[in-house]
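> Sequence and predicted structure are below.
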Amino acid sequence: MNHADSLATAAPLHARNRLRYFQFGLLLLAAGAIYPLLYLRQNFETTILQSFRISSSDLGVFYSMLGVVYALSYLPSGWLADRFPPRLLIAFSLSVVGGLGLWFATFPPYQSLEFIFVGWGLAAGLTFWAALLKGVKMLAAANEQGRFFGILDGGRGLVEAVLASIALAIFAFHVEQGEDARLALRQVIYLYSFTCLGIAVLILLFLDKGVAERDSKAERQNTVLADLRLLLSIPQVWLLALIIFCGYQLFWATYSFSAYLQQGYGMSAVAAGFITVTKLWMRPIGGIGGGFLGDRFSKEGVLGLSMLFSSLSLFGLIFFPGSAGLYFLLALVLLLGVLTYAIRGLYWSLLDACRVPLSVTGLAIGLISVIGYLPDIFLPMINAAFAAHYPGIDSTRFYFAYIACCGLLGTVAVFYFKHLNKQRESV
């Protein structure tokens, strides 16, 4: 092949890669914008309770409802992702989340909040989740799974961190101007809602039909039950579900950091919010760094060590003395941020090692998600039960200890997953 032929071959390849990266960037923006509004409690829990005049138990009920809707939606979400274009599913999801956010900003009564959280659950679970993950998996080559999923989680974390920093600045500005915290929170909700609506328009206009949709109209010979039987016969599918089940709980612990810092160390809402927002900036480091390290060395090895050290660090946070230095506390929270985000960036990259047929990849994502994200249902209830039986900060410490133990179980599952794959490759 002469030089001219080489250039001709390279040009289409470069164009295809640019298309892949462009589509991936749009998916990353969507993933980073859709969830912060649903989990606004991460940085503003105390203000939410005061503004909506609800208790911590009430908020726990709402998040349990959200988890139930997720659990019921994941499997049909996979079915939808195998049959409809991601462009339509994702744009619809962002629109619903943003629209309900505008309603949320009016501080509606308890019954309306139930409707809002159910709607959010359907939008982020039924029509969004599997479409997003299948799109990313199809865009990434076999040797890029770790970095693509790592960049997805790290990149969406960067989007979340930028939005959270802007939100905290808006909140602090209005509070310092003497305005009621309730009105300041409303401006934060508006920020997230209009961001979702704006990105929905971008997705609808610019996510062209291409590689992310090439299988959406593929002919399928098997019934859903036959596809499910196939997936359930793969041991790695079960193990991946367990790994996500444990790893996701480690991430859930970070949602309680803001309240824990205020209750246990007497921090103000703004100071605790500053630390938790700073922790969000660790997401690009953990997600992207973990993904590249996984592709370079071993996805299972990096994931397993991240889960182990995350569990040990959570135990460290439990026994961190109140008299110790603030900088050490900040370092521990940031370390947990890096590790938990590395976990999130890596566990879905193991899907490729499960050797699931492409035509049922969406269904596999839905099935694994049903088990892996069960903590959305019961963790708020466990947290509330600890709060009811143990006064003050001790309830959160027991909650963290339970999650750390689950992290150790997940570590074992990761290395067994690696062992099974080595056995399969040696046959």
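That came through fine. If you're wondering where the values come from, they're calculated on a predicted model, not measured in any experiment.
> Please count neighbours and contacts with C-alpha atoms only from this point.
Will do.
> The closest residue in space to Leu420 that isn't next to it in sequence: what secondary structure?
Closest residue to Leu420 apart from its sequence neighbours, by Cα to Cα, 6 or more residues apart in numbering: Gln236 at 7.8 Å. Recorded secondary structure, Gln236: helix (DSSP: H, G, I helix; E, B strand; the rest coil).
> Gln236 touches Asp352, doesn't it?
No: look at Gln236 against Asp352 with Cα atoms under 8 Å: they stay out of range, at 10.3 Å.
> More neighbours: which of the two?
Gln236 (22 against 17; other Cα atoms under 10 Å).
> got a list of what that one touches?
Taking Cα atoms under 8 Å, 6 or more residues apart in numbering, we find Gln236 in contact with Ala353, Cys354, Phe417, Leu420.
> now Gly407
Taking Cα under 8 Å, 6+ apart as the test, what Gly407 contacts is Cys246, Gly247, Gln249, Leu250, Met307, Leu308, Ser310, Ser311.
> next one: Arg344
Applying Cα under 8 Å, 6+ apart, we find Arg344 in contact with Gly150, Asp153, Gly247, Tyr248, Phe251, Gly287.
> tally of neighbours for the fourth one?
Right, Tyr248. By other Cα under 10 Å, neighbour count at Tyr248 equals 25.
> Give the ranges of residues in the stretch 301-427 of the chain that sit below the confidence cut-off.
321-325, 427 (pLDDT under 70).
> mind checking the SS state of the closest residue in space to Val201 that isn't next to it in sequence?
Counting by Cα to Cα, 6+ apart, Val201 lies nearest to Ala91, which is 7.0 Å off, once chain neighbours are set aside. Under three-state DSSP, Ala91 falls in the helix class.
> Neighbours of Ala91, how many?
Neighbours around Ala91, by other Cα under 10 Å: 24.
> ditto for Ser426
Residues near Ser426, counting by other Cα under 10 Å, number 6.
> and the gap between it and His419?
Distance of Ser426 to His419, computed by Cα to Cα, to the nearest Å: 11 Å.
> same question, Ser298
Using Cα to Cα, Ser298 is found at 12 Å from His419.
> neighbour count winner among these two?
Ser298 (15 against 12).
> okay, the more buried one: pLDDT?
We note a pLDDT of 89 for Ser298 in this prediction.
> Likewise for Gln111?
92.
> Please identify the helix or strand for it.
helix 110-121 (DSSP states H and E).
> Equivalent analysis for Leu202, please.
Assigned by DSSP H and E, Leu202 belongs to helix 181-206.
> Now do that helix: which elements does it pack against?
helix 3-34, helix 41-52, helix 86-104, helix 145-176 (3 or more Cα pairs under 8 Å, 6 or more residues apart in numbering; DSSP states H and E).
> can you tell me the average pLDDT over it?
Mean predicted confidence for helix 181-206 is 92.
> was I right about Leu314 contacting Ala401?
Yes: the pair Leu314 / Ala401 is scored as a contact, 7.5 Å apart, by Cα under 8 Å.
> So which of the two has more stuff around it?
Per other Cα under 10 Å, whichever of Leu314 and Ala401 has more neighbours is Leu314, with 25 against 19.
> In contact with the more buried one, which residues?
Listed by Cα under 8 Å, 6+ apart, the contact partners of Leu314 are Leu336, Phe400, Ala401, Ala404.
> Which two of these have the greatest separation?
Farthest apart among the contacts of Leu314 by Cα to Cα are Leu336 and Ala401. That separation is 14.2 Å.
> now the helices for the stretch 301-427 of the chain?
Here the stretch 301-427 of the chain has its helices, by DSSP state H, counting those that start in this stretch, at 326-347, 361-372, 375-389, 393-426.
> right, so the ones you listed: which one is the most enclosed?
helix 361-372 (a mean of 25; mean count of other Cα atoms under 10 Å).
> now His389, nearest residue through space, not along the chain?
Nearest residue to His389, sequence neighbours excluded (Cα to Cα, 6+ apart): Ser395, at 7.5 Å.
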